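*Asks:* could you work out the structure for the sequence below:
(chains A and B)
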Amino acid sequence: MSSYLLFLLLGLGSGAVYALLALGLVLKYRSAGVVDFGHGAVAMFIAYVYLGLRSDGSLELPWVVLPHTLSLTGQPMAMGPAIVISLVYSLLLGLLLYWLVYRPLRHATPLARVCASVGTMLYLEAVAVLNFGTTAKSTPAILPNSPIRIAGIDVPADRLWLAGIVVVLACALAFTYRVTRFGLSTRAAAENETGAAVIGLSANRIAAGNWVIATFLAGLAGILIAPISTVDPSSYTLFIVPALGVALVARFSNFGVAAAAGLILGMLQSEITKLQSVWSWLPDQGLQQALPFIVIVIGMVIFSRGVGARGEVVESHNPSLGRPRSPYLTTALAFVAGLIPLFLLSGSLLVAMMSSYVTACLALSLVVLTGYVGQVSLAQMSFAGVSAFLLTHITAVGFPFSMILASLAAVPIGLIVGLPALRLRGVNLAVVTLAAAITIDALVFNWTGFTGGLGGRQVPSPTLFGVDLGIAKGNEYPRVIFGVMVLAIVCLMGLLVARLRGSPAGRMMIAVRSNERAAAAAGINVARTKLLAFGLSSWIAGLGGCLFAYQQQTVSPPSFATFTSLTLLAITFVASIGRVAGAVVAGIMLSGTGFLVTFFDNEFSVGKYQMVVAGVLLTLTAIKQPNGIAANPPPPLVWAARRVAGLWKSSRNPWAADLVPQEAAAPAAGSSPSPSL
Amino acid sequence: MQTRLRWAFGLAILATAALAAAGCGSSSSTTSSSGTAAATTGASGAAALGTPNKATGTPITVGLLNIESGPVTFPEYRQAAQAAADYINNYKGGIGGRPLKIASCATDGQPATSGRCATQVLDKKPLFILGGADTGAPGAFPVYQRAGLAYIGGVPFTPVESNAKNAATFISVAVADNAAAVAYAADTLGVKTASIMATDDTQGKFTGSIIQNTMKNAGIKSKYVPVAPDAADLSAPAASAISSNPDLVYVEVPGACPAALKALKSVGYSGKLMGIDPCTSPPALKAAGDAAEGLYFAQPFVSLDAGGQQAAVTMAALQKYAPADIALDSIALAGFGSVMNIQAKLSKENVNSLTSSQILPAFEKGSNNPNWLAHGYTCNRQQVPGQAAVCNGWQKIKQVKNGQVVTVTSDWVNGTKYYKPASQ
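*Replies:* Modelled structure (predicted):
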């Protein structure tokens, strides 16, 4: 029995890490309504600042290309001053981030805020990779770490200290926000922003103050975690997933519950390690990673009221939707237009264009789910992966039946992942689906028999009526016929999604997105509508996964890792998540393997800076154009389109005169949607 | 108008950043090279490089995919390979008088990105592919194979490049290094029981199963302890690993090796430690501190501080041509060594009429061919079980002593006799 207790105690270290990060997440949500996916990245960056001060007294600055190190002392700094300077740095960084990123987004949609936070995360991670490398670093112990002997095994004392700090911080935060004037003001602004303004409280200043405190907490977490874990650009981002789950269990409002849930989760994970060595029937893979998802789902069942909404002055609007006109004609024109690059391009750009079409199919799954129904999913690439791997196993039937069966297999998984959506929506659902994606990653994609392990699995070439439609045949690569097949399928999917928009089912989806209660009052079965969207979306994602597999010819687990879904959501949002045209823009302009990125990498070799640019672009678009590029093409693009049209006109092309006004007449943000698909 | 100005401003910032990035990316190697050469190459280094002999013929272009973005990066591989190319182009007459030109593409570990990069380097008409350090290689190999390009050298992280019919690599990762370490544990250290801490992901399961397989065949009873990749504190897995009082704990958690070693120390373990090469890179050793003390591991290279002509040339060339902050780990040595081996082998061919189809056969000629800083290689597809494309299974056993890496075996060690893949 003592060894079971011992493992519970050993779990306090991980638990304290989750709880520390969760406290900051709760504070940010309470004050600014942001579920901050970049919180772990901020903690990571402050940890690097601390390491820099401790190793040679230099201060790290958050940018690349320009000099990023400022020498303060020229020699290693003592622990105390280094901690103080790092925490002051975190205060300033928090203020800067709030002012530049989150203040402009105070009345933006929750999804816009999520995308901005993802942009911040990508930026800070990319800066860390470029400036510090990816080899793990560490620092000597900060807290007393003399071992305490229990049941013959030493328990490091710093884990107990860390857990104690978490409890003290949670109590201090709870006290502050329950008793002090600042705390009460924060609660008032969160509950009713208009009312707070009436009594002279500035919601903006209050949110800024809270954001700075939350960033301070992130910095403190980063520094305290460093000695017991290691510092590298990605691990802190991984820690944020269980921390988000913990914050969700605490309904993003209760500091005490967040601290307790974090510690309990860590202890449970630790206990599983013990049980795996006792019960041989327990699988030796994925259990610890799957635990947060289980905790979240159980938590949601218990806390059935869901996560409370914040009171805001302006009701945030969902991303604008397209209103397809003449979808059949537009689809036909899009198919013809899509054929042109397939015949004009060659080599890497031709492959990139095919990849763009595949990504467009994957992005269409989000247009249905997030654009039409407002349900945020961070598991789309997991659905795609399940179908892609299944495609390699289906040998009894040929193309296209193998593709159809494999894509349909994603539907039940999508429905299971979508079940929590019956109680949750928006970014809270995003947290659940993120945990689900990690679970699928740990339990399914780690299963070597299914995925082929590190080497992956070969994908058979699609053949129809004896005609090989594959991307390669003999030494012929890439083959246009494959691009034509992908284009045809993507156009059909686009047509389906466009037709769905105006169908009774589509109207029900949009009603649910607008107001679930009103939709239910109007007789719409909200649960069935949501599950229908999840099922349809996962099928389209599965189809995209199959196309991806055919294009790659080999599929392996890293292609469907958890954070690829986050990237897919981000680029679709930037492109315009409510429109079919947005999916096309996401594929062609924003996908990492798509046409535009490949073109730029060919011309400027920007490969290793791609994530930095992506992070800035994502954040900037979330702030400046939350409806996405396709909804409101940026003026430079409109100008370029005019120039192109002008050239056409000068060559007496009769289309040009019609094209220019349509492009230039793109509506402003919030106005009626464009007539495009 | 205001919207336009905002967009214009935003895009201008982005464009400036992208152009600055591009400019930096394209010029950094030149700047750092000349700066480093002027600043740090001493007389002894210049002597090691020998007499200048500049290559003047038509360049031989080779493609290189290297992971330089994402959660794990190895920029030092490309930096060292480029330094070696600069060295042979300026001091060795290139390859038969033709300079070696490396057309590289930065990947992020995703197979899809590697597939994209493979098509990009193909646009530059390479004669063959210089193997890189890229965990997304499975996405690129169908492209190489379709184009009939050989893949020579590199760090074979996945089973794909380790077994591809168009590949020949000079070192083994995952099999020969772990097999040699296990053989040393069984035959020299007398280990009978061990615990294996391995990351609970695809890579960890792959390598962990190799270690288990090898231990079983070497007569070591092992216990497998999975370590979640998102685990913040590894003291629970560490406690689980030592709970059976093993003779040795084998640490196979590349991303969190210092944390694992510190966790083992924190739960009171003081027995024998064995690990993998990434545990002993300079930053990892610094991070682990005294928790890494005594750690055994296998490495395919002679240490640079062991002396000898090749070590001297390597150091001098890296000082002259590589960025000053290059990580001098085994990944860098693999990059440098791959280029040197290619130069040595292809210089013997008729380089002016070389075609892609002649590259792989050139490396399959002979046995025990000179391998830069490593044991000789023989590309007969039989050197390492389960890694047909790997031409060398020999390793040096090293140990961390007083914070430094020291070689503990004077002879090369080959433990592949203990590895029996399921298919064999």
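*Asks:* is the residue of the stretch 151-300 of chain B found nearest chain A in a helix, a strand, or coil?
*Replies:* Nearest residue of the stretch 151-300 of chain B to chain A, counting by Cβ to the nearest Cβ: B:D233, 3.2 Å away. Any C-beta I mention is one placed from the backbone N, CA and C, and that applies to glycine too. At B:D233 the chain is in coil, as set by DSSP: H, G, I helix; E, B strand; the rest coil.
*Asks:* what sits against it?
*Replies:* Shown in contact with B:D233 (Cβ atoms under 8 Å, 6 or more residues apart in numbering or on different chains): A:10-11, A:13-14, A:17, A:159, A:228-229, A:266, B:259, B:263.
*Asks:* work out for me the element residue 116 sits within.
*Replies:* As the question left the chain open, I've gone with chain A. Assessed by DSSP states H and E, A:A116 sits inside helix A:110-132.
*Asks:* to clarify, I was referring to chain B.
*Replies:* helix B:111-122.
*Asks:* what is the burial count for B:K401?
*Replies:* 12 (other Cβ atoms under 10 Å in any protein chain shown).
*Asks:* for B:G415, that is, sorry about that
*Replies:* Using other Cβ under 10 Å, the number of residues around B:G415 comes to 27.
*Asks:* next up, phi/psi of it, please.
*Replies:* Dihedral angles of B:G415 (phi, psi; degrees, to the nearest 10) stand at phi -110, psi 10.
*Asks:* residue contacts, the closest residue to it other than its chain neighbours?
*Replies:* Leaving aside its chain neighbours, B:G415 sits nearest to B:A183 (3.0 Å; criterion: Cβ to Cβ, 6 or more residues apart in numbering or on different chains). Taking Cβ under 8 Å, 6+ apart, we find B:A183 in contact with B:214, B:218, B:413-415, B:417-418.
*Asks:* quick check, nearest of the residues you listed to chain A?
*Replies:* Looking across the contacts of B:A183 and measuring by Cβ to the nearest Cβ, the closest to chain A is B:T214, at 17.2 Å.
*Asks:* do you know how far that closest one is from B:E161?
*Replies:* 21 Å (Cβ to Cβ, to the nearest Å).
*Asks:* now swap in A:D601 and tell me
*Replies:* To B:E161, A:D601 is 22 Å away according to Cβ to Cβ.
*Asks:* centroid residue for chain B?
*Replies:* Nearest to the geometric centre of chain B sits B:I331, at 3.3 Å (Cα atoms, centre = their mean).
*Asks:* in which helix or strand would I find that residue?
*Replies:* Using DSSP H and E, B:I331 falls in helix B:330-346.
*Asks:* and for B:S222?
*Replies:* strand B:221-227.
*Asks:* what parts of the stretch 301-424 of chain B come near chain A?
*Replies:* Contact residues, the stretch 301-424 of chain B versus chain A (Cβ under 8 Å from any Cβ of the partner chain): B:A327.
*Asks:* just the helices in the stretch 301-424 of chain B please.
*Replies:* Here the stretch 301-424 of chain B has its helices, by DSSP state H, counting those that start in this stretch, at B:309-321, B:330-346, B:356-364.
*Asks:* find the nearest non-adjacent residue to the one residue in the stretch 451-600 of chain A that gets nearest to chain B, please.
*Replies:* Nearest residue of the stretch 451-600 of chain A to chain B (Cβ to the nearest Cβ) works out as A:G455 at 3.8 Å. The shortest distance from A:G455 to any non-neighbouring residue, by Cβ to Cβ, 6+ apart, is to B:P159 (3.8 Å).
*Asks:* and that neighbour, what does it touch?
*Replies:* The contact partners of B:P159, taken as Cβ under 8 Å, 6+ apart, are A:453-455, B:206, B:386-387.
*Asks:* tell me the contacts of B:L318?
*Replies:* Counting by Cβ under 8 Å, 6+ apart, B:L318 makes contact with B:80, B:83, B:326, B:328, B:332, B:336.
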